[in-house]
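S.K.: Mind looking at a prediction? Sequence and model below.
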Amino acid sequence: DVGSSNLRLCQLGSAADGVYPVLARSSLAFSESRDELLDSPGLLKEKLRAAMRGCGFRGKRVVTCLPPDRVRFTPISLKVDEQNLSRVILKMIADRVEGDIDDYVVDYLPVRTSADAEDRLALAAVARRDHVMSYLEALDNAGLEVEALDIGPAAIRRVLSSLYDNEGDGDIILVVNTGTTHTYLSVIAGRRLL
């Protein structure tokens, strides 16, 4: 995670009995702005090496999330009987962005839907294509191989789903992710992101 003032890294081991052991972790503060760090491959590589040094990290393959200031989340309400959700969501997002939809990368995550509801809710993640490509290039130039680009709320949901046997809707977990300038709340019931 390339935060606004910290690099946060965590390496997990292979799942055994649904448990992912933490093999290495690190957090390193940096004084430059995130944009300065991402625009300087040499500086990013230097900071990543410093963050990993002596912590037991192995390999170069990573899963990362786009920095929050480069992605916008939009809730989308859909009819339960909608066919081809991807196309419907893309059309709805096209009406909400400036310029051509081809200039954007769009992904979505189905969220809260009860069995008797007529509508379902999805959380669409929208980012400018040039922001996504420059972020991926920055990590590539720093020597990392990006396996996947994730959506923050989806990553939180997956981590909690792997940590807790929370299959039913009875258990509800509130995750509070606080930072220097922003705080994010995620509510998870079972494997559903609310």
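M.R.: Structure's in. What do you need?
S.K.: What distance do you get for the residue nearest to residue 12 when sequence neighbours are not counted to residue 136?
M.R.: Closest residue to residue 12 apart from its sequence neighbours, by Cβ to Cβ, 6 or more residues apart in numbering: residue 20 at 4.3 Å. From N, CA and C alone the C-beta is placed, and that goes for glycine too. Residue 20 sits 25 Å away from residue 136, going by Cβ to Cβ, to the nearest Å.
S.K.: again, but for residue 144
M.R.: 10 Å.
S.K.: With neighbour numbers in mind, choose between the two.
M.R.: Neighbour comparison, residue 144 and residue 136: the larger count goes to residue 144, with 18 against 15 (by other Cβ atoms under 10 Å).
S.K.: which residue ranges form the helices in this protein?
M.R.: For the chain, the helices defined by DSSP state H occupy 34-38, 41-52, 85-94, 129-141, 152-163.
S.K.: Just send those helices back as TSV, with distance to residue 78 and mean pLDDT too.
M.R.: Output for the helices of the chain, formatted as TSV (distance: least, Cβ to Cβ, whole Å; pLDDT from 0 to 100):
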stretch	distance to residue 78	mean pLDDT
helix 34-38	34	91
helix 41-52	39	93
helix 85-94	6	86
helix 129-141	24	93
helix 152-163	18	70
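S.K.: Take these and write them to CSV, including distance to residue 2.
M.R.: Output for the helices of the chain, formatted as CSV (distance: least, Cβ to Cβ, whole Å):
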stretch, distance to residue 2
helix 34-38, 6
helix 41-52, 8
helix 85-94, 25
helix 129-141, 8
helix 152-163, 12
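S.K.: who wins for proximity to residue 26 among these?
M.R.: Among these, the nearest to residue 26 by Cβ to Cβ is helix 41-52 (4.7 Å).
S.K.: now the angle from that closest one to helix 129-141?
M.R.: Calculated by axes from the mean of the first three to the mean of the last three Cα atoms, to 10 degrees, helix 41-52 forms an angle of 60 degrees with helix 129-141.
S.K.: now helix 41-52, how far from the centre of its chain.
M.R.: Centre-to-centre, helix 41-52 and its host chain are 21 Å apart (Cα atoms, centre = their mean, to the nearest Å).
S.K.: Give me the contacts around it.
M.R.: With Cβ atoms under 8 Å, 6 or more residues apart in numbering as the test, helix 41-52 has contacts from 7, 9, 24, 26-28, 30, 32, 36-38, 138-139, 141-144.
S.K.: just the buried members of those residues?
M.R.: Using 16 or more other Cβ atoms under 10 Å as the burial test, these include 7, 9, 26, 28, 30, 37-38, 138-139, 142, 144 as buried.
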